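Asks: Task: produce atomic coordinates for the following.
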Amino acid sequence: MKKNSCALIILFVAALFLLISCSRIELYQNLSEEDANEMLVLLAENNIKAVKKKDIVQNEVTYSIVVSEDELVKARALLVRHNLPRKRELGLTGVYKEKGLIPTPDEQKARFLLALKGEIINSLHRIPQVVDADVVLNVPTRGEFADAETRHRQRPTASVVVKAKPLEGGESALSEAKIQQFVSNAVEEMNPRDVTVIITYITSDGRVPKSDDVKSLGAASVMPSPTSAVRSSQPRPVVHSDELVGLKMDAESKEKLKVYILIFFVLLILLSSALIVVIIQGSRMRRIIGQLKSHVGDHPAIEGHIMDEGPKGLPHGQ
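Replies: Numbers count the residues shown, from 1 in each chain. This is a model prediction of the structure:
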């Protein structure tokens, strides 16, 4: 009897364990520890119970995220909205890892740009506020004997798209200027003004906040994603930059330049008027001096005739 009771208990425990194990499903596997921890924190913030499981396959350590079957769809949708797990770019190490035949100059340049793009994206992903980022680089090939005008026209440019989470209070640690400076420092001879930045903010549940909730980032174009643009009817501020004499300037700088040019022209007109007055006065003075000289030439006393016509001296002894 006791043996039968023990057997029943063992069967019950085994069935219960099997039921519990079957109710939990691996959400993602073959993850790095960094990705697994980030996904685990996000799921916990949204009240989804998840477990990180360590796997060792051929001396390679990977991690898996396990959730209950009831929360599988909710958890997967949440991770998709936050672009998790992140797509890791190859970078310099990954691009130049494979060795083959001697590449052509075009292939070498393409591989270098791909590696540089990967390094920039991976660095942006290390910012806690950034959810996703993408970079497009355009680095023209310059000739060895290119003049200054050609070098200015063929300057490198970049476009950066960042999806980020706003901090509490609507403030943001990100700014267009910081991203421009970061990207321009990574690319040789790139001017920060030649880096275009688009920042889209999303909430923890994947929605795009209203424009009043996020502080405008100066000259940055804060635009919603194509999918969220349909949901949100409020317009977002977009500040365009104009190009003047080959230089990209925002509206404020352009207005200041107009004021400086106006002041310069006013000063130039005043100086020109003063110069004209001086020339006219000098001409009048020369004419007056000429008239005086002609008048003095007709007067005998001034010419020295008065000395010849003066009274003769008395004879000697008188």
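Asks: excluding its backbone neighbours, what's nearest I65?
Replies: For I65, ignoring the flanking residues on the chain, the nearest one in space by Cβ to Cβ, 6 or more residues apart in numbering is L27 at 4.5 Å. C-beta here means a position set from N, CA and C on the backbone, and glycine is covered the same way.
Asks: Identify all contacting residues around the helix or strand hosting the one you found.
Replies: Assigning secondary structure by DSSP states H and E places L27 in strand 24-31. Applying Cβ atoms under 8 Å, 6 or more residues apart in numbering, the external contacts of strand 24-31 come out as 39, 50-51, 53, 55, 62-69, 72, 75-76, 79, 85.
Asks: And the average pLDDT for the helix or strand just after that strand is what?
Replies: Read in the C-terminal direction, the helix or strand following strand 24-31 is helix 33-45, with elements assigned using DSSP H and E. Here helix 33-45 scores 86 as its mean pLDDT.
Asks: and helix 33-45, what does it pack onto?
Replies: In this structure, helix 33-45 makes packing contacts with strand 24-31, strand 50-57, strand 60-68, helix 72-81, judged by 3 or more Cβ pairs under 8 Å, 6 or more residues apart in numbering; DSSP states H and E.
Asks: Just the C-alpha atoms of the last one, please, in CSV.
Replies: These are the backbone C-alpha positions of helix 72-81, laid out as CSV (Å, rounded to 0.1, in the frame of the first residue of the first chain):
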residue,chain,number,x,y,z
LEU,A,72,3.9,34.7,-25.2
VAL,A,73,2.1,36.9,-27.7
LYS,A,74,2.2,39.9,-25.4
ALA,A,75,5.9,39.5,-24.7
ARG,A,76,6.8,39.0,-28.3
ALA,A,77,4.8,42.1,-29.4
LEU,A,78,6.5,44.2,-26.7
LEU,A,79,10.0,43.1,-27.7
VAL,A,80,9.2,43.8,-31.4
ARG,A,81,8.1,47.3,-30.6
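Asks: Let me know the angle separating it from strand 60-68.
Replies: Calculated by axes from the mean of the first three to the mean of the last three Cα atoms, to 10 degrees, helix 72-81 forms an angle of 130 degrees with strand 60-68.
Asks: What helix or strand is L84 located in?
Replies: Element membership of L84, judged by DSSP H and E, is empty: it is in no helix or strand.
Asks: Nearest spatial neighbour of it, chain-adjacent residues omitted?
Replies: M39 (5.2 Å).
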